[in-house]
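# Got a predicted model here, sequence first, then my questions.
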Amino acid sequence: MSASEPQESGEVRIGHSLNTNEEEFVARRRNTVLQCLQKFNIRCSQDKVPNIALLGSGGGQRAMVALLESLVQLDKAGLLDCILYLSGVSGSTWCMASLYQEPDWSTKLETVKDKIIERLSGPGVSWTDKLTKLKNYYMKDSFSLTDLWAVLFVTSYVKEIDEQTLTDQRDQHTKDPYPIYAVIDKQCKRREEGDPWFEITPHEAGYSLTGAFVETSSFGSQFDNGSKKKLQPEMDMLYLQAVCSSALADGEATWKWIKAISIPEIKSALDKMKQDDTGGNTSRTTQQPFVEDECYQELMNLVDADPSTLVEATRSALPNLSGGQKTADKGKKTVRCVAQRIWGRNYNFLHNMTDESVPAALLQKETRDFIDAGLLINSPYFSVLRKERNIDLIIALDFSDGDPFTTLREAAKTCKKLNIPFPEVDVPSKEGKKPKDFYVFKGQNAPTVIHIPLFNVVNCGEKPGDWRKKYGILKGPYDAEMITEVMEVAGKNISNNIEKLLEQIRAVAEAK
């Protein structure tokens, strides 16, 4: 089946045009942008309103709280309504998911912020609720380590199980920027063929540069030759956040995480369960058996073994556990995912299609694996660089570890390779470790790019590296003091540069 034209609901759409619903949303949002510009005496006609995208990079909880405060400061300055698109990867998507829980969040951001911070400073999700959620995830056709990551890791940081879906939110955000969540196709990460850049919006999910999409409500369902074959439930927001932030989904880091993070958490949670069930007394009688103890011991035995032996080991070990065959089946499924490094597996909606405009590599496999885009480029540039989105100004907030210009340089390098308009990037080498707080890059027939490193010499003094170390990617979950400190630093990057932002917004408006 060739699908060069938009298809019926529930079928694949091949084409570079924007989804009709996105076009309508963006058209309404441009009215808001126009009114915002007029308040600053920036004059332009409705058809010449500049398209401005705000990007949030990865960076774990640091990115989550820093993006939140950046938006708050834009709101206080009256500039939030200038933003047409809000796109994020990894930790920034945690912030986005929290915001878009609230209908028209941008109209009441201070209140929404307080609610989010109160939750992040709170006790978190109970182990009982985590187990219940994990059992639900086990029922999926395509269970993977991303489901474990969602329940064991993401909930520890975001302190909730968000079971909304993007489809649930479609009609709740008439006054907010249009959200784009960005991930990558793992199989395309290191290959020349294919398209790694994958976007998920309230209306469509698909390959940004190839132009191959399916309705978001159908993403994850089984397709054959462009038509839906088997319906699967739409992913919820907890799982979406896990896909976006699966930073250990590539390489041996997976195994280190299993040993260093998940197993201690499992043990700690099981101990807590025992205390809750016995009134604080961890001893128990033989009349109160705990299958979890046996599961934990088997997991420890397996973790200490070579990963390649895991599947074979479970064939004999797990069926003997208390809890019967269901427990054994779940254990086997989990260990298979660990041994084979399976993350973010979903049915491939392009399977068995025939279309010359789609790379053959994307058509063959029945499943695809989707992982954290930060494993390739830690900022969602390619979600907003689609020609059809016609972006004039990109405001890139960089919350990355290490060199604060890596995302920018990699984006420029990839754009040059793919012939995508992007300004030249030239940053003095000495500023790699001691960046300023505001950079502007311009090029002919290319969007203007504003790059704002989180930790810099303006808001952190002469040692921004110390701040990056203190708030490293695996630090956390943050306590209230850490949240406040990161938000203060992030807020200064916006509040100190309002006039510079206005200058660039005015420039792109006049140029358009």
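Received, thanks.

# Poorly predicted segments of the stretch 401-512 of the chain, please.
Using pLDDT under 70 as the threshold, the predicted model of the stretch 401-512 of the chain has low-confidence ranges 474.

# Where do the helices of it begin and end?
Residue ranges of the helices in the stretch 401-512 of the chain, as given by DSSP state H, counting those that start in this stretch, are 406-418, 464-470, 480-495, 498-511.

# May I see the ones you listed organised as CSV, with distance to residue 166 and mean neighbour count added?
In this view, the C-beta of every residue, glycine as well, is placed from N, C-alpha and C. Formatted as CSV, the entries for those read as follows, by distance: least, CB to CB, whole Å; neighbours: other CB atoms under 10 Å:
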stretch, distance to residue 166, mean neighbour count
helix 406-418, 25, 18
helix 464-470, 32, 16
helix 480-495, 26, 19
helix 498-511, 29, 16
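
# Verify the contact between residue 458 and residue 489 for me.
No - applying CB atoms under 8 Å, one finds residue 458 not in contact with residue 489, separated by 9.8 Å.

# Give me the secondary structure label for residue 149.
When states are read from DSSP: H, G, I helix; E, B strand; the rest coil, the local structure at residue 149 comes out as helix.

# just to confirm, which helix or strand has the closest residue in space to it that isn't next to it in sequence in it?
In space, and not counting its chain neighbours, residue 149 is closest to residue 242: 4.8 Å by CB to CB, 6 or more residues apart in numbering. Here residue 242 is covered by helix 237-244, with elements defined by DSSP states H and E.

# Quick one: mean pLDDT for that helix?
The average pLDDT for helix 237-244 rounds to 98.

# and it, what other elements does it pack with?
Other elements packing on helix 237-244 under the criterion 3 or more CB pairs under 8 Å, 6 or more residues apart in numbering; DSSP states H and E are helix 91-99, helix 145-148, helix 155-158, strand 178-185, strand 367-372.

# One more pass at 6 Å, please.
helix 91-99, strand 178-185 (3 or more CB pairs under 6 Å, 6 or more residues apart in numbering; DSSP states H and E).

# any chance of these in CSV, plus distance to residue 481 and mean pLDDT?
Written out in CSV, the entries for those read as follows (distance: least, CB to CB, whole Å; pLDDT from 0 to 100):
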stretch, distance to residue 481, mean pLDDT
helix 91-99, 19, 98
strand 178-185, 30, 97
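
# Let me know the distance separating the residue nearest to residue 149 from residue 137.
Taking CB to CB, to the nearest Å as the criterion, residue 242 is separated from residue 137 by 10 Å.

# Then residue 424?
Distance from residue 424 to residue 137, counting by CB to CB: 45 Å.

# What of residue 509?
The gap separating residue 509 from residue 137 is 47 Å, by CB to CB.

# chain center to the helix holding residue 242, what's the gap?
Taking CA atoms, centre = their mean, to the nearest Å, the mean C-alpha location of helix 237-244 is offset from the chain mean by 7 Å.

# Next: stretch 207-216.
Put simply, stretch 207-216 sits 17 Å off its chain's centre (CA atoms, centre = their mean).

# what sits up against that stretch?
If you take CB atoms under 6 Å, 6 or more residues apart in numbering as the criterion, stretch 207-216 is touched by 12-16, 166, 195, 197-199, 204-206, 349-350, 358, 382-383, 386.

# Can you select the buried ones from those residues in ChimeraX?
ChimeraX command restricting these to the buried ones, with burial defined by 16 or more other CB atoms under 10 Å:
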select :12,13,14,15,166,195,197,198,199,204,205,206,349,350,358,382,383,386
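
# Among the contacts of stretch 207-216, which are located in strands?
13-14, 197-199, 204-206 (DSSP state E).

# Run through the residues that contact the residue most central in space within the chain.
Most central in the chain under CA atoms, centre = their mean is residue 244, positioned 3.0 Å from the mean C-alpha point. Residue 244 sits next to 90, 93, 181, 183 when contact means CB under 6 Å, 6+ apart.

# Turn those residues into a markdown table, including distance to residue 396 and neighbour count.
Rendered in a markdown table, the data for those read as follows (distance: CB to CB, whole Å; neighbours: other CB atoms under 10 Å):
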| residue | distance to residue 396 | neighbour count |
| --- | --- | --- |
| 90 | 14 | 30 |
| 93 | 15 | 32 |
| 181 | 16 | 29 |
| 183 | 18 | 31 |
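
# Identify the farthest-apart pair in those.
Looking at the contacts of residue 244 by CB to CB, the two members farthest from one another are 90 and 181, with 10.1 Å of separation.

# okay, the closest residue to residue 98 other than its chain neighbours: pLDDT?
Nearest residue to residue 98, sequence neighbours excluded (CB to CB, 6+ apart): residue 116, at 4.9 Å. Residue 116 carries a pLDDT score of 97 in this model.

# just to revisit the earlier point, any idea how far residue 511 is from the residue nearest to the centre of the chain?
The separation that residue 244 has from residue 511, given CB to CB, amounts to 33 Å.

# coming back round to it: so which helix or strand takes in the residue nearest to residue 98?
In this assignment (DSSP H and E), residue 116 forms part of helix 109-120.

# helices or strands up against that helix?
On a contact count with 3+ CB pairs under 6 Å, 6+ apart, helix 109-120 meets helix 60-76.

# Next, the buried residues of the helix it packs on.
Neighbour counts using 16+ other CB under 10 Å place 60-75 of helix 60-76 among the buried residues.

# ok, so what distance separates residue 103 from residue 427?
With CB to CB as the criterion, residue 103 and residue 427 are 40 Å apart.

# And for the helix ranked longest in the chain, what's in contact with it?
Counting residues, the longest helix in the chain under DSSP state H turns out to be helix 20-39. The contact list for helix 20-39 (CB under 6 Å, 6+ apart) reads 46, 49, 81-82, 84, 178, 203.

# circling back to that earlier point, residue 242 and residue 137: who's more crowded?
residue 242 (31 against 18; other CB atoms under 10 Å).

# Let's have the helices and strands packed on helix 237-244 in TSV, adding distance to residue 142.
As requested, the helices and strands packed on helix 237-244 are arranged in TSV below (distance: least, CB to CB, whole Å):
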stretch	distance to residue 142
helix 91-99	20
strand 178-185	14
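
# got the contact list for residue 391?
For residue 391, counting by CB under 6 Å, 6+ apart, the contacting residues are 51, 53, 384, 447.

# Let's have these in CSV, adding neighbour count.
What follows is the contacts of residue 391, written out as CSV (neighbours: other CB atoms under 10 Å):
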residue, neighbour count
51, 21
53, 25
384, 26
447, 24
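
# In helices, which of those fall?
residue 384.

# can I get the contacts of residue 391 in a markdown table with distance to residue 479?
Supplementary listing: the contacts of residue 391 in a markdown table, determined by distance: CB to CB, whole Å:
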| residue | distance to residue 479 |
| --- | --- |
| 51 | 39 |
| 53 | 33 |
| 384 | 34 |
| 447 | 39 |
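
# Flag the shaky bits of this structure, pLDDT-wise.
By pLDDT under 70, the low-scoring segments of the chain are 1-10, 191-193, 251-331, 474.
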